[in-house]
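K.L.:
Sharing a model prediction with you, sequence too.
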Amino acid sequence: MNSDDLGSFLRIAETMSLSAASRVTGTPKSSLSRALFRLEREIGAKLFERGAHALRLTEAGRILLIHARRVMDDLNEATAALDGVTGQPRGVLKISAATTFAIGLVAPMLPHFLRDYPDLRVHLEAENRIVDLAKEDVDVAIRIGAMPDSDLIASKLGRIELWPCASPAHLSERGTPQTPQDLADHELLGWTDQPSIWRFKDSAGCEHRIPVAVRSVIPEPAVLQVVLESGGGVGRLPAFSANPSLEKRRLVRLLPDYEAETVEVHAVYAAHRSLSSKVRVFIDALRAHMTG
């Protein structure tokens, strides 16, 4: 029984849809169909029944699913252990990150990383949702902010400053804030509509906590950046994202004499991938990129 076909069966069974499995894996739907056909021909039984809105596992499919999960977990652990022994990362490394952080943190370090590890191939998913690493077969995900309790292993990569920014045109019209309290005189744009506090620390070490009532909510920092450049108001951007716009004078960093708030960045991965050399070398390379 082919392990690739078995992996395709698992993805289909977990999503109960060929189309959804195709999106999750990046595999053409026709390839998944052929893998399923080969398995059913080898077993001699149908594995799925087609329902009105989704697939349903047959009795043979339910039995195979139990054993397929065990086989694929064992295979993944064996591959991870062998990589640890040989020290040669190889295969496909599947990475998930929110769009802004995929663009600003991961993408810039990939060319050098892939030159260092020629036997590795990267599949980078840039999307703004929390992926289920086990269900979607993702090796490592980049997460921002405090980490909730979970069965995942989190490796801290560093911290990112959040800089308040606005366009020169907006500041010409509304004035440039000199203190955190002056932000109340501006249109504030945020990532969430939940009540939040923007924190600043002055040169004496005193913290200033500014309650923020945002007028507009723009969860994606890359989109927020465009709105700010167009004069939409004041918003906070990750430092790496704001820098190019500051250099081109499309944006101005506000309150530069105050220490900006920071958020933690973690790489998270499932426990059974903890020995994988491809995950380890990627985390080390991304951490070095961030600190460098």
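P.N.:
Arrived safely.
K.L.:
Please report how far Arg199 lies from Ala184.
P.N.:
Distance, Arg199 to Ala184, by C-beta to C-beta, to the nearest Å: 15 Å. Using the backbone N, CA and C atoms, a C-beta is placed for each residue, glycine as well.
K.L.:
who's more crowded, these two?
P.N.:
Arg199 (16 against 12; other C-beta atoms under 10 Å).
K.L.:
Show me what the helix or strand harbouring the more buried one is packed up against.
P.N.:
Per DSSP states H and E: Arg199 is located in strand 196-201. Judged by 3 or more C-beta pairs under 8 Å, 6 or more residues apart in numbering; DSSP states H and E, the packing partners of strand 196-201 are strand 207-212, strand 259-260.
K.L.:
Tell me the strands beside the first one, with direction?
P.N.:
Taking DSSP bridges as the criterion, strand 207-212 forms sheet pairs with strand 196-201 (antiparallel).
K.L.:
Okay, buried residues for the strand it pairs with please.
P.N.:
Ser196, Trp198, Arg199, Phe200 (16 or more other C-beta atoms under 10 Å).
K.L.:
of the residues you listed, closest to Gln178?
P.N.:
Phe200 (12.1 Å; C-beta to C-beta).
K.L.:
which residue packs closest to Glu147, ignoring adjacent ones?
P.N.:
One thing to correct before we go on: residue 147 is Met, not Glu. With C-beta to C-beta, 6 or more residues apart in numbering as the criterion, Met147 has its nearest non-adjacent residue at 4.8 Å, and that residue is Ala154.
K.L.:
My error: substitute Thr100 in the last question.
P.N.:
Pro221 (4.2 Å).
K.L.:
which ones are touching the one you found?
P.N.:
Neighbouring residues of Pro221 by C-beta atoms under 8 Å, 6 or more residues apart in numbering: Thr100, Trp191, Leu237, Pro238, Ser241.
K.L.:
quick one: which of those is most hemmed in?
P.N.:
Leu237 (25 neighbours).
K.L.:
What are the contacting residues of whichever helix or strand Leu39 is part of?
P.N.:
Per DSSP H and E: Leu39 is located in helix 29-43. Residues outside helix 29-43 that contact it (C-beta under 8 Å, 6+ apart) are 1-2, 4-6, 8-9, 11-12, 18-19, 21-22, 25, 46-48, 60, 64.
K.L.:
Okay, and which of these map to helices?
P.N.:
4-6, 8-9, 11-12, 18-19, 21-22, 25, 60, 64 (DSSP state H).
K.L.:
Buried by neighbour count, from these: which ones?
P.N.:
Buried, going by 16+ other C-beta under 10 Å: Asp5, Leu6, Ser8, Phe9, Arg11, Ile12, Leu18, Ala21, Ser22, Thr25, Ala60, Leu64, out of the ones in helices among the contacts of helix 29-43.
K.L.:
Quick check: the fourth one touching Leu47?
P.N.:
Yes. When contacts are counted by C-beta atoms under 8 Å, Phe9 is listed as touching Leu47 (6.7 Å).
K.L.:
shared neighbours, these two?
P.N.:
Leu36, Leu39, Leu64.
K.L.:
Return the closest of those residues with respect to Ile95.
P.N.:
Leu36 (26.9 Å).
K.L.:
That closest one and Leu133, how far apart?
P.N.:
24 Å.
K.L.:
Same check on Leu237?
P.N.:
27 Å.
K.L.:
which ones are touching Met72?
P.N.:
Ser3, Leu6, Gly7, Leu10.
K.L.:
Low-confidence regions, the stretch 151-292 of the chain specifically.
P.N.:
Scanning the stretch 151-292 of the chain for pLDDT under 70 picks out 272-275.
K.L.:
number of nearby residues for Glu127?
P.N.:
With other C-beta under 10 Å as criterion, Glu127 counts 11.
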